[in-house]
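Student: just coords:
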Ligand SMILES: NC(=O)CC[C@H](N)C(=O)O
C-alpha cells in the first residue's frame, strides 16, 4: 500500500485516538489465567512503527505485558522460515475457523489439518515443528532469538504468568493430545505444549510489539535495526493469515470495519500490520467476548479510519 502521510500527521492521529478511546470502560480482563485477572485494567498504550524507523508512542508504551496469542505470529514466521511457506500450509493450514481461539470443535471439524498456526491448535502444532525437533532448550532459543530480532530487543519471560498458565491450561493439554491422535503434532506433545505456554508468557512492551509489526509491514526488514529478519516473500503470507483469523470468531466483522490485518492476545495486546505503511500496537487489558482488547481495537479502528489504512481500498 502506498500512502503519502507525513510522520507528523500520523503522530497527531495516534494522539487523537488515544484521547478519544482512553476513558472507554468496555470489556473485562481475562480471568481464566489468574495472573491476567490482576493486571491493572486502566493501562493503555499505543505505538506505531514506521518504515523509516521512527516509533511513535503514546500512553503506557513501556509496560511489559503478557504477549499471549500474539506470539503465534512470530512462531508461524519462524516455521515458514525453517520449512518454507508451502510446508506450513500442508502440515498446519491457513483457514479461518470462525470459532474461539481454544476451540476443540475446530479440530474435529477440520480433521485433515489444524486450520491455522494463529489459533491454539495450530500454534501448538507450529511449536512442535520448530527446529531443532526433540530439543526443548534449542526450540526455546530459536523462538526467543527470532522474536528478539523481530522486535529489535530481547523479550523476557514473566515467570509468574508462565506458572499461572501452566497450572491452569487443561483445555490446551487436551488440544495437544487430540492433535497427536490425528498425527498433527510433530514432536513430543507435552514438550510442544510447554513451549507454546512459555511463548505466551513472554513479556513485551507496546513499543516492541509495534516494531514487530513494523518488521512485517516492511517486508521482513526491521525498520529500527535495519536487519533483514525474514525473507520478503513471507510477509504477505503471514499478513494473510493474520487477516484471516486474527480476531478469532470476530475476524470478519473486524476486517469489514477496519480493513487492517491485526492479531490479538488475551493479555490485551493487538498487533496491526499495514503493508508498506506501518506496524501498529495497542495494549489495554479489558477484552470483548472473543478475547480481543476493546480499547486496542477501538484505537486501531480510529487510526485506520482517519488515515485511510483499509488494505482493501
Ligand atoms: N487468545 C489468547 O491470547 C490465548 C492465549 C492463551 N495462552 C491460551 O492458550 O489460552
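Tutor: Sure thing, it's come through. Being a predicted model, the structure only gives us computed values, none of them experimental.

Student: Please tell me how far stretch 159-177 is from the chain's geometric centre.
Tutor: 18 Å (C-alpha atoms, centre = their mean, to the nearest Å).

Student: pLDDT (mean, whole number) over that stretch?
Tutor: For stretch 159-177, mean pLDDT is 97.

Student: List of residues touching stretch 30-37?
Tutor: If you take C-beta atoms under 8 Å, 6 or more residues apart in numbering as the criterion, stretch 30-37 is touched by 29, 66, 158, 160-161, 164-165, 168, 266-267, 285, 287, 291. Bear in mind the C-beta positions are built from the backbone N, C-alpha and C, glycine included.

Student: near the ligand too, which of those?
Tutor: Contacts with the ligand are made by 165, 266, 291 out of the contacts of stretch 30-37, judged by C-beta under 6 Å from any ligand atom.

Student: quick one on the thing from earlier: just the contacts of stretch 30-37: which are in strands?
Tutor: Among the contacts of stretch 30-37, the members found in strands (DSSP state E) are residue 66.

Student: Buried subset of the contacts of stretch 30-37 as a ChimeraX selection?
Tutor: The following ChimeraX line selects those of the contacts of stretch 30-37 that are buried, judged by 16 or more other C-beta atoms under 10 Å:
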select :29,66,158,161,164,165,266,267,285,287,291
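
Student: sorry, back to before: using TSV, lay out the ones next to the ligand among the contacts of stretch 30-37 together with distance to residue 5.
Tutor: Output for those, formatted as TSV (distance: C-beta to C-beta, whole Å):
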residue	distance to residue 5
165	39
266	32
291	31
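
Student: for those residues, which one is nearest the ligand?
Tutor: Closest approach to the ligand among these (C-beta to the nearest ligand atom): residue 266, at 3.6 Å.

Student: For that closest one, which non-adjacent residue is spatially closest?
Tutor: Among residues not flanking residue 266 along the chain, residue 30 sits closest, at 4.1 Å (C-beta to C-beta, 6 or more residues apart in numbering).

Student: any idea how far residue 149 is from the one you found?
Tutor: 28 Å (C-beta to C-beta, to the nearest Å).

Student: Equivalent analysis for residue 275, please.
Tutor: 19 Å.

Student: Same drill for those two, tell me which one is more crowded.
Tutor: The neighbour count for residue 275 versus residue 149, taken as other C-beta atoms under 10 Å, is higher for residue 149 (20 against 15).

Student: and residue 127, what element?
Tutor: Using DSSP states H and E, residue 127 sits within helix 120-129.

Student: can you check residue 141 too?
Tutor: Assigned by DSSP H and E, residue 141 falls in helix 136-151.

Student: Next up, identify which helix or strand residue 272 is on.
Tutor: strand 269-274.

Student: Which other helices and strands does that strand contact?
Tutor: helix 206-217, helix 235-245, strand 262-264, strand 278-283, helix 294-307 (3 or more C-beta pairs under 8 Å, 6 or more residues apart in numbering; DSSP states H and E).
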